[in-house]
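# no sequence for this one, just the structure:
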Ligand SMILES: Nc1nc2c(ncn2[C@@H]2O[C@H](COP(=O)(O)OP(=O)(O)OP(=O)(O)O)[C@@H](O)[C@H]2O)c(=O)[nH]1
Ligand SMILES: [Mg+2]
């Protein structure tokens with residue numbers, strides 16, 4: 001284990017078909033971190049799987065069970081709060097589908113650990129020459145649109161708000177940002193970045209991933225994409241209200 005206590009939160013909702021325990025063990029080893037599996041009210045056997053993983057590999061895995069499905073944002077928030085309350089100084093989140101390779105997530109953790117000035121390191125899916133970013137055109141362009149509007153909402157340029165691989169440093173800003181539930185279910189990454197900035201955090205860095213691939217079995221369909229759009233409007237309104245000094 002690294003000298004810097006580190007936890008990677010993995011939100012899991014009905015992931016019995018995709019949750020790869022050996023790969024997550026590799027991640028824990030490579031990132032010198034504990035992996036906190038947050039079971040988001042699963043009904044498909046994920047609960048048994050995560051419990052067994054934590055029992056068999058208690059030196060690397062923990063499990064947090066939410067009583068009912070709360071959505072990815074709340075699962076991540078609860079997991080990150082539990083991690084920092086348990087002493088983690090570096091805390092990240094990572095999608096259970098392994099769309100980001102474990103070695104890439106471990107690299108993001110290393111980048112944050114190596115530079116005390118950094119508060120957040122975000123994986124970014126940029127299709128650069130020599131990188132393998134395998135994403136359908138539809139998802140790519142929807143993602144570009146979402147990120148462009150998000151950048152306007154946040155008032156700073158972010159290339160990829162939605163990548164499910166991000167790492168943060170504990171501090172007053174992070175604790176403030178995680179204190180209350182996000183108002184949006186799908187745009188919570190944007191809301192988290194906005195809250196951190198409002199709490200005075202700086203030191204954000206996007207790191208282009210060298211590999212990323214779309215993994216089948218996503219539960220995010222067209223309806224969710226539409227809700228994410230409405231969520232952004234909500235986040236934008238909440239940020240304006242904050243600037244005007246109203247709750
Ligand atoms: N969709 C969904 N995911 C959840 C929920 N709660 C936790 N998760 C976790 O969030 C992560 C992302 O889920 P995916 O279905 O891959 O969705 P995504 O990566 O945002 O979208 P894709 O780009 O379509 O893969 C996984 O680790 C899920 O298990 C929930 O209520 N709904
Ligand atoms: Mg995914």
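Everything's here; your move. None of these values were measured; they are calculated from a predicted model. Ligands and ions are numbered 1, 2, ... in the order given.

# Could you list the low-pLDDT ranges of this structure?
Within the chain, the stretches with pLDDT under 70 are 1-2, 217, 219-220, 245-247.

# need the strands for it, in chain order.
For the chain, applying DSSP state E gives strands covering 6-12, 34-40, 61-66, 90-94, 120-124, 132-134, 165-169, 204-208, 211-213.

# quick one, longest helix in this protein?
Longest helix of the chain, by residue count under DSSP state H: helix 222-243.

# Other residues contacting it?
Helix 222-243 has contacts (CB atoms under 8 Å, 6 or more residues apart in numbering) with 142, 146, 149-150, 153-154, 183-188, 190-191, 194, 198, 247. The way it works is simple: take the backbone N, C-alpha and C, and place the C-beta from them, glycine included.

# do it and ligand 1 meet at all?
No - contact of helix 222-243 with ligand 1 is not found when judged by CB under 6 Å from any ligand atom; the minimum separation is 7.0 Å.

# picking that back up, now the strands of the chain in a markdown table, with distance to residue 79 and mean neighbour count?
Output for the strands of the chain, formatted as a markdown table (distance: least, CB to CB, whole Å; neighbours: other CB atoms under 10 Å):
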| stretch | distance to residue 79 | mean neighbour count |
| --- | --- | --- |
| strand 6-12 | 3 | 26 |
| strand 34-40 | 4 | 25 |
| strand 61-66 | 6 | 19 |
| strand 90-94 | 7 | 28 |
| strand 120-124 | 16 | 23 |
| strand 132-134 | 26 | 14 |
| strand 165-169 | 12 | 26 |
| strand 204-208 | 21 | 17 |
| strand 211-213 | 22 | 18 |
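
# Kindly report the residues of this protein close to ligand 1.
11-13, 15, 40, 69, 71-72, 75, 95-97, 99, 164, 218-220.

# about what we covered before: helices - which of the contacts of helix 222-243 land there?
If you go by DSSP H, the contacts of helix 222-243 have 142, 146, 149-150, 153-154, 188, 190-191, 194, 198 in helices.

# Spatially nearest residue to residue 193, not counting backbone neighbours?
Distance criterion CB to CB, 6 or more residues apart in numbering; nearest residue to residue 193, sequence neighbours excluded, is residue 154 at 6.0 Å.

# which residues does the closest residue to residue 126 other than its chain neighbours contact?
Excluding the flanking residues, the one nearest residue 126 by CB to CB, 6+ apart is residue 208, at 4.5 Å. By CB under 8 Å, 6+ apart, residue 208 lies in contact with 124-126, 128, 131.

# List buried residues within these.
When these are checked for burial by 16 or more other CB atoms under 10 Å, the buried set is 124-125.

# Enumerate the residues of this structure near ligand 2.
Taking CB under 5 Å from the ion as the contact definition, the chain meets ligand 2 at 95, 97, 99, 218.

# Among those residues, which one sits closest to residue 136?
Within the residues of the chain next to ligand 2, proximity to residue 136 (CB to CB) peaks at residue 218, which comes in at 11.0 Å.
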